[in-house]
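Asks: Task: produce atomic coordinates for the following.
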Amino acid sequence: MRPLRFDFHASAASYAAALLLAGTAGTALAAPASAEATQLYRQTAADCRAGRTQQSQADCLREAGAALQETRRGHLQSTDAATLSANAVARCARQPTERRASCEKLARGEGTSAGSVAGGGVLRTLVETVPGPAPAPAAAPR
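Replies: Below is the predicted model of the structure:
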């Protein structure tokens, strides 16, 4: 048997967007009322201005404003843990068939992670042992 290594690279931008949608203040954006959305925006904007995010201040404020606008329109979906997990597994459907099961395992948290969003990306690694081909039968002596 030889180990099969499957690496999954996630971009910093995708993690930054996920962190923003999850709410810098730690509050889920499950279609809050306008007052709640405004309060969340103010907290996020304060975090942006104080440098407590992994983005430039301009990008952080722009994304916080866009999230507020989409929340008010009712277009920002729930970001509860079950929804995020289902979305991660659903993205694996685009992987080739032979890699799909490994992708789903990574999406569910199996394997190891290294790196950070601030460092430019997170490398997720899953090592699986896959049996090799059966050896050919030995030739009969003559």
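Asks: use CA for all of it now, contacts and neighbours both
Replies: Fine.
Asks: For this structure, just list every one of the strands.
Replies: Counting by DSSP state E, the chain has strands at residues 2-11, 112-116, 121-130.
Asks: Distance from the shortest one to the middle of the chain?
Replies: Translated: strand 112-116. Taking CA atoms, centre = their mean, to the nearest Å, the mean C-alpha location of strand 112-116 is offset from the chain mean by 12 Å.
Asks: counting contacts, what elements does that strand pack onto?
Replies: strand 121-130 (3 or more CA pairs under 8 Å, 6 or more residues apart in numbering; DSSP states H and E).
Asks: Ok, the last one next?
Replies: Using 3+ CA pairs under 8 Å, 6+ apart as the contact criterion, the secondary-structure elements in contact with strand 121-130 are strand 2-11, helix 97-107, strand 112-116.
Asks: now His75: how far from Ala138?
Replies: 65 Å (CA to CA, to the nearest Å).
Asks: Looking at the two, which is more packed in?
Replies: Between His75 and Ala138, counted using other CA atoms under 10 Å, His75 has the larger neighbour count: 11 against 6.
Asks: so what pLDDT did the more buried one get?
Replies: pLDDT for His75: 84.
Asks: measure it to Ala45 for me?
Replies: On the measure of CA to CA, His75 and Ala45 end up 20 Å apart.
Asks: and what of Cys92?
Replies: Where Ala45 is concerned, Cys92 sits at a distance of 33 Å (CA to CA).
Asks: repeat for Leu126
Replies: 37 Å.
Asks: can you check Pro141 too?
Replies: 80 Å.
Asks: So for those two, which sits in the more crowded spot?
Replies: More neighbours surround Ala45 than the other of Pro141 and Ala45, with 21 against 4 (other CA under 10 Å).
Asks: The more buried one contacts Ala64, doesn't it?
Replies: Yes. Under the criterion of CA atoms under 8 Å, Ala45 makes contact with Ala64 at 6.7 Å.
Asks: dump the residue contacts of Ala114.
Replies: Val122, Leu123, Arg124 (CA atoms under 8 Å, 6 or more residues apart in numbering).
Asks: Can you add distance to Ala37 and pLDDT and give the residues you listed back as JSON lines?
Replies: Output for the contacts of Ala114, formatted as JSON lines (distance: CA to CA, whole Å; pLDDT from 0 to 100):
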{"residue": "Val122", "distance to Ala37": "30", "pLDDT": "88"}
{"residue": "Leu123", "distance to Ala37": "33", "pLDDT": "91"}
{"residue": "Arg124", "distance to Ala37": "33", "pLDDT": "89"}
